[in-house]
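Asks: What follows is a predicted structure for the sequence shown.
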Amino acid sequence: MTSEVGTDLRAVRPCFGLSLAWGCIRGWSKGGAMGNVGDLPMHSLFWLRGRGPGWRLGWLQGWFFGVVGFLGFVGIGRAALAPAARPNVIVILADDMGIGDVSSLNAKCAWKTPGIDRLAREGRTFTDAHSASGVCTPSRYTLLTGRYSWRGKLKSSVLHGYDPALIEPGRLTVAGFLRGQGYATGMVGKWHLGVDWVRTGPKLEEVDFAQSFGGGPISQGFDRFLGISASLDMPPFVFLSQDRSTTVPVDRVAASPGPKMWRAGVIGPDFRHEEVHPRFRREALSWIESRARARAVDGTPFFLYLALASPHTPTVPTPEFVGRTRTNPYGDFVVQVDATVGDILDSLDTLGISRNTLVVFTADNGCSPAANLGELRGFGHDPSAGFRGHKADLFEGGHRVPFLVRWPAEVPAGSMCSRLVGQLDLLATLADILGQRLPSGAAEDSVSFLPQLRRGDRARAGREALVHHSNGGFFALRQGPWKLLFTPDSGGWSDPKPGSKEAARLPKLQLYHLGRDAAERTNRLTDEPKVVRAMTREMRRILVNGRSTPGPVQPYANPGDWPQADPFRTE
């Protein structure tokens, strides 16, 4: 077993005091040998006047030994602290998993999630944490860049497997930032942010899989990548390693009905949907082990972004998990995700690096209706844990997600925090941990939650407002207990759906007080006109400034035809 790299500040504080005490005693004894130490009132250097040269020399030597001893130990402490101030970082992102799918977050959960619950038991649980969108692509863009995805060219919905790269060239990502700080950076799993394939013709699938592509993880700061281009139900069904496909697909697979539910498309000879999650698990564990052993030699910390493609469709738990929950395939797949989390935590223990490894578990959005929500309700299970809506929505069930953080060196075990945080805050938080200032044109919407991570609700105020975004491209603003939806409907897939007859009969805006109405059932629009006006102004400011954090105004993609932004875009 390798030893933990780095030393906690609390371990070296006693050395500081001992060093100063030793130096002062040493100097005191020298001073005593050269003069009458007891005659000196120590509160003023002016009392040295009139003393003999031997006494003055002894007194100065005393302080010299004390200060040198103290600074010497401070130097040692800083040298030991340098690695500890750079924790390993692992971000595990589940795909389409609701906050109610974690047993520590839902007393009525129909299954147990001991791996994720261990994070809750040994770290901090954030109970008011959110993805940036109700769907995959925009959440992943925002998590990696610290910038709302709707500031770029994607105003609604998601990308597909053949779409070009979404992250703008030169934009700072979490991986790029950490690599610049000396980290080894790796990604395993679902990218879903587009890659620039080499095209052989105008049709969607006319791609030269033998050629390297641009715009993928390797172009965005990752040293190592093994994964897939988009969701597991989207072609092309090929594994990607670094900047190319591992095989050239020569076959096609037909579309599969639910619960497997994948689209028709080309498939590589080494690709089976049921084997993707196990391969991601193996690759992640192998990379963690290799980097841990490397750090023991060269001191290089690592960052792993494990973007699982599960429990998103196709719902394909492996045989050892089929039937495990006695609910439905979705529940079994969730338990398989949980087991992978547990395996990673066990691996960190075995490698001796748990204490100084920051582990985050979260999900890109809420649970999808493809999980068969009606069937799950029959088992007494609600993936949204009582919150309204589900994947794709502006309602809380679309974007309020599990968010658990373990970092034993810094974060109290078994703690909780009810402060508002977003996944987009990861970049600013890591910069805060490393004591670095981000460029003004990067992470424009990211706010550090390091104070909340360390002190929970006792910390100073952090994020004050957060923008929510739906599959349909509609907006909501959260500010304190208030949440203002700039649409009469869900903005996504639940009722009332955008454009429905029911939505046409509703007020154009919705205002909810989540402190009193977490289920978003009572629209307070007409009761609180001042709140509505103030929040509308704030949403306009966040939009037009190109950022929500302090700093110079930043450019953003602002098309003339952007109806979802019309409720707040103009005065």
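Replies: Okay, I see it. It should be emphasised that the depicted structure is a prediction, and the values quoted were computed from it without experimental measurement.
Asks: the domain parsing of this structure - what is it?
Replies: 9-82, 86-177+273-462, 468-569 (automatic domain parsing).
Asks: which of those sits most buried?
Replies: Most buried of the domains of the chain by mean neighbour count (mean count of other CB atoms under 10 Å) is domain 86-177+273-462; its value is a mean of 22. No exception for glycine: its C-beta is placed from N, CA and C like everyone else's.
Asks: gap between the two ends of that domain?
Replies: One end of domain 86-177+273-462 to the other measures 22 Å (CA to CA, to the nearest Å).
Asks: and what of stretch 290-307?
Replies: Stretch 290-307 has its terminal residues 19 Å apart, counting by CA to CA.
Asks: heads up, I number from 552, so please use that
Replies: Noted, 552 is the first residue going forward, which turns the last one into stretch 841-858.
Asks: Give me the contact list for that stretch.
Replies: Where contact means CB atoms under 8 Å, 6 or more residues apart in numbering, the residues beyond stretch 841-858 that reach it are 553-554, 556, 634, 637-644, 646, 691, 695, 725-726, 729, 733-743, 773, 778, 831, 835, 838-839, 895, 899, 902-904.
Asks: now do stretch 1090-1098
Replies: Residues outside stretch 1090-1098 that contact it (CB under 8 Å, 6+ apart): 702, 995-996, 1016, 1018, 1026, 1028, 1035, 1037, 1099, 1104-1107, 1116, 1119-1120, 1122.
Asks: Which ones among those residues lie within helices?
Replies: Phe1119, Arg1120 (DSSP state H).
Asks: Look up how far Gly940 lies from Asn1096.
Replies: As for Asn1096, its distance to Gly940 is 29 Å (criterion: CB to CB, to the nearest Å).
Asks: residue ranges of the helices in the stretch 602-751 of the chain, please?
Replies: With DSSP state H, counting those that start in this stretch applied, the stretch 602-751 of the chain shows helices at 604-635, 665-673, 687-696, 725-731, listed in chain order.
Asks: Of the ones you listed, which shows the lowest average pLDDT?
Replies: Here the lowest mean pLDDT among the helices of the stretch 602-751 of the chain goes to helix 604-635, at a mean of 43.
Asks: Assign a three-state SS to Phe773, would you?
Replies: With DSSP: H, G, I helix; E, B strand; the rest coil as the basis, Phe773 sits in coil.
Asks: Could you report the pLDDT at it?
Replies: Reported pLDDT at Phe773 in the predicted model: 98.
Asks: one step back: now, which of the contacts of stretch 841-858 lie within strands?
Replies: Here DSSP state E is the test, and the contacts of stretch 841-858 give 639-644, 735-741, 778 as lying in strands.
Asks: For Met1086, state which of these is nearest.
Replies: Leu644 (29.4 Å; CB to CB).
Asks: where's the closest residue to the closest one other than its chain neighbours relative to Ala806, distance?
Replies: In space, and not counting its chain neighbours, Leu644 is closest to Ala858: 4.7 Å by CB to CB, 6 or more residues apart in numbering. Ala858 sits 24 Å away from Ala806, going by CB to CB.
Asks: ditto for Glu1079
Replies: According to CB to CB, Glu1079 and Ala806 sit 48 Å apart.
Asks: Same check on Ser966?
Replies: With CB to CB as the criterion, Ser966 and Ala806 are 46 Å apart.
Asks: Which of the three states applies to the closest residue to Met812 other than its chain neighbours?
Replies: Excluding the flanking residues, the one nearest Met812 by CB to CB, 6+ apart is Thr864, at 4.1 Å. Three-state call for Thr864 (three-state DSSP): coil.
Asks: again with Thr913
Replies: strand.
Asks: does it really touch Ile641, like I thought?
Replies: No. If you go by CB atoms under 8 Å, Thr913 and Ile641 don't touch, sitting 11.7 Å apart.
Asks: Grab the nearest non-local neighbour of Met967.
Replies: Counting by CB to CB, 6+ apart, Thr676 is the residue found nearest to Met967 once chain neighbours are left out, at 4.9 Å.
Asks: just to revisit the earlier point, among the ones in strands among the contacts of stretch 841-858, which pair sits farthest apart?
Replies: Using CB to CB, the two most remote members of the ones in strands among the contacts of stretch 841-858 are Asn639 and Lys741, lying 21.8 Å apart.
Asks: The helix or strand Pro1002 falls within - what's its average pLDDT?
Replies: Assigning secondary structure by DSSP states H and E places Pro1002 in helix 1001-1006. The pLDDT scores in helix 1001-1006 average 98.
Asks: how far out from the middle of the chain is that helix?
Replies: Averaging C-alpha positions (CA atoms, centre = their mean, to the nearest Å) puts helix 1001-1006 15 Å from its chain's average.
Asks: where's the nearest residue to Tyr881 once chain neighbours are set aside relative to Arg928, distance?
Replies: Of all residues not flanking Tyr881 in the chain, Ala922 sits nearest, at 3.9 Å (CB to CB, 6+ apart). Distance, Ala922 to Arg928, by CB to CB: 11 Å.
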